[in-house]
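>>> sharing a model prediction with you, sequence too.
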Amino acid sequence: MAHVVVLGAGLGGTLQAYELKETLSKDDKITVISNKSYFQFTPSNPWAGVGWRKKGDITVELAPVMSRRGIEFICDGAKRLHPDENKIELESGRFVSYDYLVIATGPEFAFDEIQGFGPDGHTHSVCSIEHAAESGDKWDDFCANPGPIVVGAVQGASCFGPAYEYAMTIDTDLRKRGIKHKVPMTFVTSEPYIGHLGLGGVGDTKGLLESLMRDRDIEWITNAKVDKFDPDKVFVTEFDEDGNEKKKHEIPFKYSMMLPAFRGIPAVRDIEGLVNPRGFIITDEFQRNPKYPNIYAIGVCIAIAPPKATPVPTGVPKTGFMIESMVTATAHNLPRVIAGGEPFEKPTWNALCLADFGNRGAAFLAMPQNPPRNLNWASQGRWVHWAKLAFEWYFMRKVRTGISEPIYEKMIMRMLRITKLKA
């Protein structure tokens with residue numbers, strides 16, 4: 001009998017436990033450890049940031065559903081991983097031993113790297129449901145006494161889609177309230193151009209998103225490094241394409257949400273051979289750590305080098321489609337390894353993003369994620385809004401019931417047929 005521990009219970013960790021339950025032997029044991037008692041559907045956080053979703057709408061308590069699936073669930077934070085001893089030290093003082101470990105913790109949000117940044121500073125956040133719910137609670141107060149808004153992503157950020165989503169969603173909400181004319185908005189990003197997305201663009205995302213922002217009267221600054229936040233303004237240095245300082249900006253705001261850079265969680269940070277200097281887990285083509293081959297990692301916590309350096313540092317996003325391919329590959333590799341074989345399944349690392357803009361949206365599909373690609377496509381329309389609603393419904397149902405049938409591949413094939421594209 002093997003004991004497999006999944007550390008983290010977000011989109012990747014929860015689905016990983018469900019798929020392992022299907023692929024492992026009945027004699028094998030699965031334990032999930034999370035510092036939260038609930039699963040949260042992170043892609044819906046921009047909606048929560050304007051009060052369109054409440055915490056209860058996009059969270060599921062995990063102990064009951066894990067128990068029904070025969071999976072042990074421990075609600076406790078990880079204090080320190082001891083990979084040489086095959087143990088996890090928890091915040092409560094408890095130690096959990098494992099034969100195999102799948103790290104799916106997601107990142108730590110590096111708000112502290114910029115003065116005045118984050119929910120404890122002068123800006124809002126949609127990085128977690130807790131942050132987004134707090135932002136949503138304060139949104140009505142802002143709308144009662146509106147002013148300038150700054151939205152975007154700071155240097156080192158790797159997740160840009162939610163910044164565009166939030167900017168467009170609050171624009172839609174302001175127009176519904178009839179107060180957009182009172183709210184000048186500026187989009188500030190470390191990307192070298194609008195629509196770069198940490199991926200070098202996908203299809204014509206540059207033209208598509210620039211057009212959308214012009215239509216919505218949103219100004220932008222790219223190649224931007226945020227120096228600090230004051231209570232009512234952000235200080236930004238803009239660089240040129242060669243990385244030379246171009247211009248200083250002081251942008252006033254009454255409401256701001258910018259995405260931070262990520263780093264690995266403290267429990268794994270500085271473990272030689274396991275993580276890179278930012279604390280992200282090093283993995284091979286099978287999602288396995290080279291130094292500790294009984295440790296696998298999936299999702300946002302893994303290390304992926306940017307395909308090309310940018311004047312202001314940007315990271316590489318890990319989309320839901322990409323994460324699910326990591327989950328499935330790991331679920332098929334572990335039983336083979338436990339039986340004495342070698343891993344053989346490799347994740348596809350294709351990128352599918354559905355970015356909702358409040359009443360319509362944009363879809364990006366990159367196969368594979370980094371260029372050169374076999375498929376490089378972007379589109380927009382009201383159908384994207386409805387598609388993201390469908391994804392939310394599907395994943396919430398999937399977590400509640402434990403049904404783990406993949407859906408991304410089916411949706412892509414359907415989307416390709418609709419748009420008459422050839423993969």
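Yes, it's here.
>>> for the rest of this, base every contact and every neighbour count on C-alpha atoms.
Fine.
>>> show me the helices in this structure, by range?
If you assign secondary structure with DSSP state H, the helices in the chain sit at 11-23, 45-48, 62-68, 129-144, 161-177, 205-215, 320-338, 382-401, 408-419.
>>> now the first one: buried residues?
Looking back up the chat, that one is helix 11-23. By 16 or more other Cα atoms under 10 Å, the buried positions in helix 11-23 come out as L11, G12, G13, T14, L15, Q16, A17, Y18, E19, L20, K21, T23.
>>> still on that earlier bit, wait, which of the helices of the chain is closest to N376?
When the helices of the chain are ranked by proximity to N376, the top entry is helix 205-215, at 10.1 Å, counting by Cα to Cα.
>>> just how off-centre is the closest one within its chain?
For helix 205-215, the distance between its averaged C-alpha position and the chain's averaged C-alpha position is 22 Å (Cα atoms, centre = their mean, to the nearest Å).
>>> ok, now stretch 4-12?
A distance of 15 Å separates the centroid of the chain from that of stretch 4-12, by Cα atoms, centre = their mean.
>>> ends of it, what's the gap?
Start-to-end span of stretch 4-12 (Cα to Cα, to the nearest Å) is 15 Å.
>>> where does pLDDT dip in this protein?
Low-confidence regions of the chain, defined by pLDDT under 70, span residues 403-423.
>>> returning to that earlier point: which of the buried residues of helix 11-23 lies closest to G152?
Each of the buried residues of helix 11-23 was scored against G152 by Cα to Cα, and L11 proved nearest at 23.6 Å.
>>> my read is that the closest one contacts F41, right?
Yes: the pair formed by L11 and F41 meets the contact definition of Cα atoms under 8 Å, at 6.9 Å.
>>> which of the helices of the chain is buried the deepest?
Each of these was scored by mean neighbour count; the highest is helix 45-48, a mean of 28, by mean count of other Cα atoms under 10 Å.
>>> list the helices and strands that one packs on?
For helix 45-48, the helices and strands in contact under the criterion 3 or more Cα pairs under 8 Å, 6 or more residues apart in numbering; DSSP states H and E are helix 129-144, helix 161-177.
>>> quick one: distance of it to the chain centre.
Per Cα atoms, centre = their mean, the displacement of helix 45-48 from the mean C-alpha position of its chain is 13 Å.
>>> what's in contact with it?
By Cα atoms under 8 Å, 6 or more residues apart in numbering, the surrounding residues in contact with helix 45-48 are 53-55, 126-129, 132-133, 135-136, 162, 165-166, 169.
>>> on that earlier part again, for I265, which of the helices and strands packed on helix 45-48 is the nearest?
Distances from I265 to each of these were compared using Cα to Cα; the shortest belongs to helix 129-144, at 17.8 Å.
>>> so what does that closest one touch, helix or strand wise?
Contact analysis of helix 129-144 by 3+ Cα pairs under 8 Å, 6+ apart lists helix 45-48 as its packing neighbours.
>>> same thing but at 10 Å, please
Helices and strands in packing contact with helix 129-144 are listed as helix 45-48, helix 161-177, strand 255-259; criterion 3 or more Cα pairs under 10 Å, 6 or more residues apart in numbering; DSSP states H and E.
>>> now the longest one against strand 255-259, angle please.
With axes from the mean of the first three to the mean of the last three Cα atoms, to 10 degrees as the criterion, the two stretches helix 161-177 and strand 255-259 enclose an angle of 160 degrees.
>>> how is the chain partitioned into domains?
Using automatic domain parsing, the domains assigned to the chain come out as 3-109+263-346, 111-261.
>>> got a markdown table for those, with distance to L354 too?
Listed next are these as a markdown table, based on distance: least, Cα to Cα, whole Å:
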| stretch | distance to L354 |
| --- | --- |
| domain 3-109+263-346 | 9 |
| domain 111-261 | 9 |
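>>> indicate which one of these is closest to S379.
domain 111-261 (8.1 Å).
>>> start and end of the closest one, how far apart?
Taking Cα to Cα, domain 111-261 runs 7 Å from one end to the other.
>>> in contact with the closest residue to E285 other than its chain neighbours, which residues?
Leaving aside its sequence neighbours, E285 sits nearest to K346 (Cα to Cα, 6 or more residues apart in numbering; 6.1 Å). By Cα atoms under 10 Å, 6 or more residues apart in numbering, the contact list for K346 reads D284, E285, F286, Q287, S325, M326, T328, A329, T330, H332, N333.
>>> K291 and P83, how far apart?
K291 is 10 Å from P83, by Cα to Cα.
>>> just the CA trace of stretch 382-394, in PDB.
These are the backbone C-alpha positions of stretch 382-394, laid out as PDB (Å, rounded to 0.1, in the frame of the first residue of the first chain):
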ATOM      1  CA  ARG A 382     -21.000  37.300 -26.000                       C
ATOM      2  CA  TRP A 383     -20.500  33.500 -26.200                       C
ATOM      3  CA  VAL A 384     -17.300  33.800 -24.100                       C
ATOM      4  CA  HIS A 385     -19.400  35.300 -21.200                       C
ATOM      5  CA  TRP A 386     -21.800  32.300 -21.400                       C
ATOM      6  CA  ALA A 387     -18.900  29.800 -21.800                       C
ATOM      7  CA  LYS A 388     -17.300  31.100 -18.600                       C
ATOM      8  CA  LEU A 389     -20.600  30.800 -16.700                       C
ATOM      9  CA  ALA A 390     -20.800  27.200 -17.900                       C
ATOM     10  CA  PHE A 391     -17.300  26.500 -16.700                       C
ATOM     11  CA  GLU A 392     -18.100  27.900 -13.300                       C
ATOM     12  CA  TRP A 393     -21.200  25.700 -13.100                       C
ATOM     13  CA  TYR A 394     -19.200  22.600 -14.300                       C
END
